[in-house]
Structure formats: structure tokens, C-alpha cells
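Peer 1: The following block contains a protein sequence and its predicted model.
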Amino acid sequence: MTDKFTDLAQEGRVHRRVYTDATIFDAEMERIYNHVWLFVAHESQLSEPGQFVTAYIGKRPMIVSRHTDGEIHVFANRCTHRGMKICSARRGAKKRFVCPYHGWSFATDGSLIGIPHGRGYNGKIDPKDPALALDRAARVDIYRGFIFASKAPYGPSLIEYLGPMTRAFDNMVDRAPGGEIEMSGGGFRQQYKGNWKLHMENANDLMHASIVHASSVDAAQSVADGLENEIENHALQMFKGNGLPLSKMDEVEIHGFAGGHSYMGGFYKEGPITQSNDGDPVVNQYRKSMVDAYGENRADDIMSWDTFNHLIYPNLILNPKHQQMRLLQPESVDRTIVHSMCFRLKGAPEEMYQRSVRFLTALNSPASQITTDDIAMFNNIQMALCQSDTDWIDLSRGLGHDRKQDDGGKIGEVGTSELPLRAQYSAWRDLMSA
Ligand code: FES
Ligand SMILES: [Fe+2]
């Protein structure tokens, strides 16, 4: 069956088994997640030696740690003695990692440094044996503070892998007048009962927003109608933004790239959330700090790039304008965890950070009226796809009308095109057949 994977993801349609078949999920972990570059941590989480975060490469638990020499190391969160997960904390600082089972201890670069009661091995185990170090990711690289790891010793460099998507990272960091961003304030974790790809397919789907999120659009509109002269807050503007008419959604740019990446243009058209409102004192103060740092032209270039979600295949979603990030952690064929977090722009007014926290809360918290709608879709799609009555899922909206661009990617004829899904499945086919 393994040779037939590519038949399941055709141009314009995919077979339901790519969402429901556990053997395909296992093959995805092996052929996709073990080969590409995956985001594992942000440098601001590891500013001091000994600081660490735990992460995943596919289903493999990993530790990302800054060693005493300042280098960042990424290694398996799995003891080389009898397989215990060494660290259960999500982040923290340690001088060494001590396995909670029999006490083997490992340095912050993953090397084995101690075995309690070691003479029981009668000299057969040498703690200096490199094979007893925690298994290291084959490659680690950093782009603008974003740390990526790959299990594959060969393949494209991180910059080659990100390709035109580097602009999203650049824009996110350049939006900080101080030239640096900081992952701050924790974030949210939510599990849904559905395949990981359902979330990636949704994140750049401009067709669904006004339909799936109609109830929060309507509720926000009626609150806004009752405000009289009061200024609408950001959450209200976000909820209303999803209600942009489909004819207007079609005017939003949608881009897809080789490698499965994609991004969409911004679709908030009114209010301070657009960051173009001269009457908003926070935006005015922020703009001033940007002009002071970069000069007028460059500050305008950075701030005027109006985009929304940028999808870095297979599992990262970046929103530079609102300093948001989501990371998918596939657990099984029908379970996925979504991690969502936001960034502080160094040198920007504190209120900009408060806005990005409110954005995160309105869009990605378990109480969000937006994300709960989407998760209900994922759960219900997953359940329905388990029925074998109809095998194929259609992705043909806009097929044949995607136009090539100078950046090497394609642009959809209209914003509601399913171009991003086709880009994802083109990468899926390439990786799954490799
Ligand atoms: S499993 Fe880690 S010390 Fe035994
Ligand atoms: Fe949605």
C-alpha cells in the first residue's frame, strides 16, 4: 500500500483515508515530520544557559536547551537507559536533567554525565560512550530567533526550506522598534478530535469565515450597533471582520508555494485593528517609535504589509501583523493539539502587547467563539469521514486559475480559492513518495 499514497492526494481531490487511516498517519510522521524543518522553540525562551523548553518532532518528545557554552541543543526527551521521558515540565531552567526512574543524569547538551550505583554494570557500560547521550536532532538552525530542528541529516537548509516565507519572520521581527521580539505570557493549548491537516486547511480558508463564524459575526454586529459613539474594541472588530462579504473576501490575496507554504492578505478593513487609524493614540505612539528606529520610509514599508496567516508547512502558523503564532502537535490520526502564543515587540508601547494578548484570547482561547466554531467543524468532519459511503473530498475551487508569481509561488484567482490546500497536498505527495 505504501507506494499508493500519492494516488490518495490527486490534483483537486483527496481520499478520506488521508485523514482516517492510522498507517498513513504513521507514514506522515516518518516521511514528512522526520524530514522537514520543524519549529521547536523561540530564542527568547532560552536567553540563559540551562534554560530549556520541551517540544516535539512529530510524535517524538524533545528537549531544546541552551548549554553552558551558549549553544542551543535539541535532543530526545527519552532516557537511554530504559526509555523514561526525562522531563515533564514545559519549560524551566536546570543544571542537569536527571531521569526520574533510576537517576541517570544528562548535561544540558544531552551527554550522559552520571549513573548512580554504576558498578552494578561491572564495567560493561561506559558513561562516556556517545551512544548513551540523548539522541540529538540531526540539524538545528535559527532564523531571526525562531529555532528549527530536523531529524534529517541532509536536505535543504533552513533558509532554502522557508523560501519566500522568510519574509513573514522578517516582518514579524522588524515590527519591533527594538529589533527583537519576545515570546511572552504563556499561551493556550487545545486538543481537538481530528486530523492535523484539518487545521492547516482551515487556517487560510477565506471561504469559511463568514459561514462558520456567522453566530459571532451577528452577535458582534448587534453589540456594535448598540455602542452609539463608543469606540469598538479589538475583539469586536475581529468578530465582525469574519463577516466580510464573500465578494470582498475574493479581493484578499491568497498565495501558495512549493513546499506546502501559503499566506493570505489581511481582511480587517476598518477600525484601529487595521493599524492605519490616525485617531488611535496607541498606533500613533507605536508608529512614532517605528519611525524613530527605522526612518519614515522603512517604517511605512514594514507596517503597511497587510497580511494575516502565514502557513509554514507542515505545522506552523505565523501572523506577523498581530504577533500571533500557532503550532500543531499531531498526536494520532484523529487527535491534534494546537499550541497558540503571542509575542511582545521590544521597544513598542506596552499597550501593543496587551492588544496581541487580547487578540490571542479572542481568537485562540478555549473560550473563543471563533476557535470553538472551527474545532466543532474538525470534530464533525473527522467523524463523518470515517463513513466509507463517499471516498473523495473536493479541493478544486479555483483549480486551473492559479497564476504564477515572480516570487516563485502562485496567487489564487480569487481570495476564496483553495490554492493553499492544493499547495499543501502537492508537498504531501512529494514527501510521502520520497
Ligand atoms: S529509565 Fe532513565 S534512569 Fe532508568
Ligand atoms: Fe475559522
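Peer 2: Ah, there it is. Ligands and ions are numbered 1, 2, ... in the order given.

Peer 1: Please verify my assumption that residue 394 contacts residue 15.
Peer 2: No. If you go by Cβ atoms under 8 Å, residue 394 and residue 15 don't touch, sitting 11.6 Å apart. (C-beta placed from N, C-alpha, C; glycine too.)

Peer 1: Between these two, tell me which one has more neighbours.
Peer 2: Shown here are residue 394 and residue 15; by other Cβ atoms under 10 Å, residue 15 has more neighbours (19 against 11).

Peer 1: State the pLDDT value of the more buried one.
Peer 2: Here the pLDDT value assigned to residue 15 is 97.

Peer 1: Identify the residue spatially nearest to it, adjacent ones excluded.
Peer 2: Closest residue to residue 15 apart from its sequence neighbours, by Cβ to Cβ, 6 or more residues apart in numbering: residue 8 at 4.0 Å.

Peer 1: That neighbour: neighbour count?
Peer 2: The burial count for residue 8: 21, using other Cβ under 10 Å.

Peer 1: same deal with residue 178?
Peer 2: 13.

Peer 1: Would you mind measuring from it to residue 283?
Peer 2: Per Cβ to Cβ, to the nearest Å, residue 178 is found 18 Å from residue 283.

Peer 1: Same check on residue 317?
Peer 2: Distance of residue 317 to residue 283, computed by Cβ to Cβ: 24 Å.

Peer 1: Confirm residue 141 sits in a strand?
Peer 2: Yes. Assessed by DSSP: H, G, I helix; E, B strand; the rest coil, residue 141 belongs to a strand.

Peer 1: Next up, the contacts around the residue found closest to it once you drop the neighbours it is linked to in the chain.
Peer 2: Nearest non-adjacent residue to residue 141, counting by Cβ to Cβ, 6+ apart: residue 158, 4.0 Å away. Neighbouring residues of residue 158 by Cβ atoms under 8 Å, 6 or more residues apart in numbering: 37, 139, 141, 142, 143, 148, 150.

Peer 1: ok, and the closest non-adjacent residue to the fourth one?
Peer 2: Closest residue to residue 142 in three dimensions, ignoring its sequence neighbours and counting by Cβ to Cβ, 6+ apart: residue 43, at 6.5 Å.

Peer 1: neighbours around the one you found, how many?
Peer 2: Residue 43: 17 surrounding residues under other Cβ under 10 Å.

Peer 1: which residues does it contact?
Peer 2: 72, 142, 145, 146, 147 are the contacts of residue 43 under Cβ under 8 Å, 6+ apart.

Peer 1: Quick check, the second one in contact with residue 74.
Peer 2: This means residue 142. No. At 11.0 Å, residue 142 does not count as touching residue 74 under the criterion of Cβ under 8 Å.

Peer 1: ok, which stretches of the stretch 301-434 of the chain are strands?
Peer 2: 307-312, 316-319, 324-332, 335-345, 392-394, 403-404, 410-411 (DSSP state E, counting those that start in this stretch).

Peer 1: Make sure residue 44 is actually in contact with residue 176.
Peer 2: No. Applying Cβ under 8 Å, one finds residue 44 not in contact with residue 176, separated by 11.0 Å.

Peer 1: These two: which is more packed in?
Peer 2: Using other Cβ under 10 Å as the criterion, residue 44 and residue 176 rank with residue 176 on top: 22 against 15.

Peer 1: what's around whichever residue of the stretch 151-300 of the chain sits closest to ligand 1, how many residues?
Peer 2: Here the stretch 151-300 of the chain gets closest to ligand 1 at one residue, residue 151, 21.9 Å apart by Cβ to the nearest ligand atom. Close neighbours of residue 151, defined as other Cβ under 10 Å, add up to 22.

Peer 1: which residue ranges form the helices in the stretch 51-200 of the chain?
Peer 2: Taking DSSP state H, counting those that start in this stretch as the test, the helices found in the stretch 51-200 of the chain are 158-162, 166-174, 196-203.

Peer 1: Tabulate these in TSV, adding columns for distance to residue 399 and mean pLDDT.
Peer 2: Compiled in TSV, the helices of the stretch 51-200 of the chain are given as follows (distance: least, Cβ to Cβ, whole Å; pLDDT from 0 to 100):
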stretch	distance to residue 399	mean pLDDT
helix 158-162	26	98
helix 166-174	25	98
helix 196-203	15	98
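
Peer 1: Pick the most buried one from those.
Peer 2: Of the helices of the stretch 51-200 of the chain, the one with the most neighbours on average (mean count of other Cβ atoms under 10 Å) is helix 196-203, at a mean of 23.
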